[in-house]
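Enquirer: structure here, sequence nowhere to be found:
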């Protein structure tokens, strides 16, 4: 199509389709389905357009040649990422960088700083607040970024702020009974004052982030322990009911004119006898739902206030993290509501199987939260595989040192066992910080209608086939998140984990406007997924897991494919495996990888050029030497240099 209006033509140029290129310049790359050009490339295109527009060319031939030259540059130099969605990572300045090494010593030990250095640590987090100033010198020897911890068990001088059961007995978490740490409630001023003192002490010694351990606080007491009946909590309930927006629900629960304590109400209306009786019958009371919703609101209020206080610090905001482990984007999870508050999650994580590990990272990403898991150790080989996979997926596994293990001594991994993995990350930091994950499949989820049973078979099949996916949420703990074309662009398959009739009308309209295959989970067969494979493992490579990432910004036009061999967890990086080889096939057309790329195999601090072999179907195979646990197949376009602008 030609554009002949005066507004669309530069003076003296005939048949020059300027509007098309103006639209290209103004349309985000994610909507075009291609990788974003680097700043240098975008500048070059703008200068080239300007140069052509300024030239007075007689006749169509020169203008056509100029247009052809520009189109050729745009299509072959900048374009090329096929239908893939780039998952923008969490780049909040308060969240860790993707190449950070996070070290934790729950309680400062004399050797902590030396061990942190031996792991190349850049951050020290999840450290409990010291009671005095004796440890200030040790803090100064730790990495520059220090994160200290508050928890649900501060010492209360007067003992008035503890969470209580129906009988008035202080509650202790089951996993803390051996040392008798009592649970607190933030509804009481004494608790607030104790937490404030710990916070100020943390900030005084230079904490740049604050983690809250056991952040459910009194919600856990109310839901799991038959609490929480502190007088301050009960007094607040009356006021909360008075301002509740649905007074019909309040009356229906029998709480319309509540003036006495909630405990007295339960005795009079339901003849509750004691703590045991209450705990046994709690789900039968019409008032329980409002009571527990009120308890949750008190925790929400505390963390909203804490976050605002930390973010408002001058001259530098302080980050907030939480020990919240969310395996799936399921609003029914007891801690889901807490995901509205932290900048990132520092949480204990099970590493039982690969599929669940991938889903947990996808969940954190979907919730727009950085993820720093503390693995629950199993054995050396599986621990090492999990650390490699977490980093490959964009999470930052904490160094496994000083880790709580149920019914066992604390676990202290050594630099000889794990140091090579963390040194690899630091040595190759740009391959982590400047590359984002890719996804081929979007799984659209309403967390309020989530079903693990319906979705887990699909995520397992995707993990088995090395097909990267993303959870796309219609809402989260912060509110609604309407679908947009930008959120769904580039995916090859959209899986709707709920009935479209249950979606908002605007979301249904967006789905209908997209020319992308849409299925429900039960309709996704193995054959359909096989057609979406991005990688092909040759015989012997069945245990290879591949996690693709694409360069952004100045690294556009390059790819970093993390390859983790689940069968080699016990092998140190760079130790060499003699004649062992693995072959991995890449489908360039699916990944947007052009023919003119240079492939390098990166392990530890070494790099080795690889030569690809193309088969009849266009797949390119690379032979990976030495069969290491983890390495990166780094592919870079040969023509990344920006051509000079004509003048």
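Expert: Nice, thanks for sending it over. A quick note: this is a predicted structure, and the numbers were derived from the prediction, not measured.

Enquirer: going by C-alpha atoms from here, please, whenever you check contacts or count neighbours.
Expert: Noted.

Enquirer: flag the shaky bits of the stretch 351-500 of the chain, pLDDT-wise.
Expert: Counting by pLDDT under 70, the stretch 351-500 of the chain contains no low-confidence range.

Enquirer: where along it do the strands fall?
Expert: Taking DSSP state E, counting those that start in this stretch as the test, the strands found in the stretch 351-500 of the chain are 370-375, 401-403, 411-412, 435-439, 441-445, 469-473, 475-476, 479-480, 493-496.

Enquirer: let me have those in CSV, extended by mean neighbour count and distance to residue 182.
Expert: Below are those laid out as CSV (neighbours: other CA atoms under 10 Å; distance: least, CA to CA, whole Å):
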stretch, mean neighbour count, distance to residue 182
strand 370-375, 26, 24
strand 401-403, 20, 22
strand 411-412, 14, 25
strand 435-439, 24, 43
strand 441-445, 22, 38
strand 469-473, 23, 37
strand 475-476, 20, 32
strand 479-480, 10, 33
strand 493-496, 22, 44
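
Enquirer: residues near residue 207, how many?
Expert: Using other CA atoms under 10 Å, residue 207 is surrounded by 23 other residues.

Enquirer: pull the contacting residues for it.
Expert: Residues in contact with residue 207 (CA atoms under 8 Å, 6 or more residues apart in numbering) are 145, 146, 147, 148, 318.

Enquirer: centroid residue for the chain?
Expert: Central residue of the chain (CA atoms, centre = their mean): residue 365, 3.0 Å from the mean position.

Enquirer: distance between the longest helix seen in the chain and the chain's centre?
Expert: Identified as the longest helix of the chain according to DSSP state H is helix 288-311. Taking the mean of its C-alpha atoms, helix 288-311 sits 23 Å from the chain's own mean (CA atoms, centre = their mean, to the nearest Å).

Enquirer: please enumerate residues in contact with it?
Expert: 186-187, 216-219, 222-223, 233, 237, 240, 250, 253, 282, 317-320, 338, 341-342.

Enquirer: then stretch 457-467?
Expert: The contact list for stretch 457-467 (CA under 8 Å, 6+ apart) reads 354-355, 358-359, 439-441, 468-469, 521, 524, 526, 529-530, 532-535, 545-547.

Enquirer: can you pull the buried residues of it?
Expert: Neighbour-count burial for stretch 457-467, counted by 16 or more other CA atoms under 10 Å, picks out 458, 459, 460, 461, 462, 463, 465, 466, 467.

Enquirer: return the member of those nearest to residue 331.
Expert: Of all the buried residues of stretch 457-467, residue 331 sits closest to residue 459, with 18.5 Å by CA to CA.

Enquirer: re earlier: which one of the buried residues of stretch 457-467 is nearest to residue 500?
Expert: Residue 500 has its nearest neighbour among those in residue 458, at 18.5 Å by CA to CA.

Enquirer: so how far is residue 406 from residue 147?
Expert: Counting by CA to CA, to the nearest Å, the separation of residue 147 from residue 406 is 24 Å.

Enquirer: more crowded one of these two?
Expert: residue 147 (26 against 9).
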